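Visitor: Build me a model from this:
(4 chains)
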2 protein chains.
Amino acid sequence: MKVIPNISVDCVVFGYSGTDVDVLLIKQKKTSQDAEAQYALPGNLVRTEENLDQAASRALKDLTTLEGIYLKQFHTFGDPDRVTNPKDRAWLTAVREFPDERVITVAYYSLVSVDDYVPHAAAFAEESEWVSLKNVPPLAFDHDKILHEAVETLRTELVTKNIGFELLPKKFTLSQLQQLHEIILAKKFDKRNFRKSMKKMSQIIPLDEKQQGVDHKPAQLFQFDPKKVDS
Amino acid sequence: MKVIPNISVDCVVFGYSGTDVDVLLIKQKKTSQDAEAQYALPGNLVRTEENLDQAASRALKDLTTLEGIYLKQFHTFGDPDRVTNPKDRAWLTAVREFPDERVITVAYYSLVSVDDYVPHAAAFAEESEWVSLKNVPPLAFDHDKILHEAVETLRTELVTKNIGFELLPKKFTLSQLQQLHEIILAKKFDKRNFRKSMKKMSQIIPLDEKQQGVDHKPAQLFQFDPKKVDS
DNA sequence: TCAAAAGTGTTGCATCTACACCCATGG
DNA sequence: CCATGGGTGTAGATGCAACACTTTTGA
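Guide: Numbering: from 1, shown residues only, chains lettered A, B, ... in the order given. Predicted structure coming up:
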């Protein structure tokens, strides 16, 4: 359980609620009565026996109980002063064995459906919750910057690699998929054209099933099959 | 000049010679008479006062004398056993203060024209040279893996971001640019179509100048202007 | 005058965009 | 029967792939 004192991982987990894109944040435990509790991305120091991907999964699980999520490394942040801001001192001295060490962090991001994952705070997290990207409070360390880069990465990967299914429930409607794209990319798509282009991707397989409990014409459900790769 | 014992940077510098894509390698200094000298990517531990980008530039300059090159971070490698292979022990114990530390490395890549940069060995490099990607010897540590990932990154960025001008001299012909694409992507392009698509990129500006000293019809020269961004 | 690479347009086909109405369901 | 979102086709414009011959230069 020995850690490397100057290498950490941080996870930017995006979730989609149906109307908003959320990010999973933790609230750091207060280090004293009058200390100001800060929000942060879930992350922690890397242990000596684990690789970086494992560290990211483990840290995320420890802090939020979320597991089984595919995390993708996207950038490493290593400014010498990224953990020296006074606002972060109290927390560092309270929880870290070597609070003055310079720390570089390897950042990961992931996409999930908020319905599928209910986070529970654990370890040094006081809370663990989905926060809309529109209402993200100032974050600890350089996590604002990390989050910003993650959003940029999300946008480019959404268009180039057509990820985005990940953000939806296993069974989804094409309108949900379209709304998701519109929210992330902040632009409108033509319904017919959008459906045409999605339908010709072999990975999106139509189910013999319809939406239930809606007060309008129920939509057909689709499923994403990652095994099918476009040729 | 204090270093962080478990964080390094490595640089994959691609060069284009006109017929081949090369990579810049160093040969590690022999640690004893009978030791086997190994090839490696230029890289070194990060110092406490520098950020990662600075560390990459500085390490590259120290080992090869190349400087003023734009290096782009592309991945961080951190397997626990990436520096524990017996083949690397002798060298580590000879040059590192803490040879048993686990080291993660932040990898960078870059593109230059081989004509513009003549490397000279320095520091712990015995040699520093351009090696064709076709003839890369086995490398130290996990540098084979790093190089392989860098090549993959180069291919995707070449098509998505139309980098590649970087590999050519400041003034280049369209045929040179085409040949470069063909070599990196290992496929042929139609001359007319290739020229059409390049010419409609505003960043490629035609010069009032022609090739000299060739024994055939001299080609028009072009230049890349990074300031012009496609709208 | 020959060799070697530079340079240049058009046509068919596939893909993308723009656009408007009827349908099924629950309340 | 009304409100709500689901679902569908076509025509015009644009972009991409295929294709062959003439030009300029140095040797």
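Visitor: Around DNA strand C, pick out the residues from chain A.
Guide: Contacts of chain A with DNA strand C, taken as Cβ under 7 Å from any atom of the strand, map to A:190-193, A:196-197, A:214-218. C-betas here are computed from N, CA, C, even on glycine.
Visitor: Now rank those by neighbours and give me the top one.
Guide: Neighbour tally across those (other Cβ atoms under 10 Å in any protein chain shown): the maximum, 13 neighbours, falls on A:Pro218.
Visitor: I'd say that one and A:Gln211 touch.
Guide: Yes: if you go by Cβ atoms under 8 Å, A:Pro218 and A:Gln211 touch, sitting 4.0 Å apart.
Visitor: related to what we said a few turns ago, among the residues of chain A next to DNA strand C, which are in helices?
Guide: Using DSSP state H, A:191-193, A:196-197 are the members of those that sit in helices.
Visitor: just the residues you listed now: which is nearest A:Leu158?
Guide: Proximity of those to A:Leu158 (Cβ to Cβ) peaks at A:Ser197, which lies at 13.4 Å.
Visitor: Next one: the closest one, what pLDDT does it get?
Guide: According to the prediction, A:Ser197 has pLDDT 95.
Visitor: now A:Lys29
Guide: Reported pLDDT for A:Lys29: 85.
Visitor: In three-state terms, label the nearest residue to it once chain neighbours are set aside for me.
Guide: Excluding the flanking residues, the one nearest A:Lys29 by Cβ to Cβ, 6 or more residues apart in numbering or on different chains is A:Glu126, at 4.5 Å. Secondary structure assignment for A:Glu126 (DSSP: H, G, I helix; E, B strand; the rest coil): strand.
Visitor: What is the burial count for A:Glu126?
Guide: Residue neighbour count, defined by other Cβ under 10 Å, stands at 12 for A:Glu126.
Visitor: Now do the biggest strand by length in chain A, average pLDDT.
Guide: Using DSSP state E, we find that the single longest strand of chain A is strand A:3-16. If you average the pLDDT over strand A:3-16, you get 96.
Visitor: go on, stretch A:38-51?
Guide: What stretch A:38-51 shows for mean pLDDT is 97.
Visitor: Go ahead and measure how far it is from the middle of the chain.
Guide: Distance of stretch A:38-51 from the chain centroid (Cα atoms, centre = their mean, to the nearest Å) equals 14 Å.
Visitor: Tabulate the CA atom coordinates of that stretch in PDB.
Guide: C-alpha atoms of stretch A:38-51 as PDB (Å, rounded to 0.1, in the frame of the first residue of the first chain):
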ATOM      1  CA  GLN A  38     -13.400  22.300  -1.700                       C
ATOM      2  CA  TYR A  39     -14.700  20.400  -4.600                       C
ATOM      3  CA  ALA A  40     -12.300  18.400  -6.600                       C
ATOM      4  CA  LEU A  41     -12.000  15.700  -9.300                       C
ATOM      5  CA  PRO A  42     -11.700  12.200  -7.800                       C
ATOM      6  CA  GLY A  43      -8.100  11.200  -7.800                       C
ATOM      7  CA  ASN A  44      -5.200  10.100  -5.600                       C
ATOM      8  CA  LEU A  45      -1.600   9.200  -5.500                       C
ATOM      9  CA  VAL A  46      -0.400   6.100  -7.400                       C
ATOM     10  CA  ARG A  47       0.600   3.100  -5.500                       C
ATOM     11  CA  THR A  48       3.900   1.400  -6.100                       C
ATOM     12  CA  GLU A  49       2.500  -1.900  -7.300                       C
ATOM     13  CA  GLU A  50      -0.100  -0.600  -9.700                       C
ATOM     14  CA  ASN A  51       0.100   0.800 -13.200                       C
END
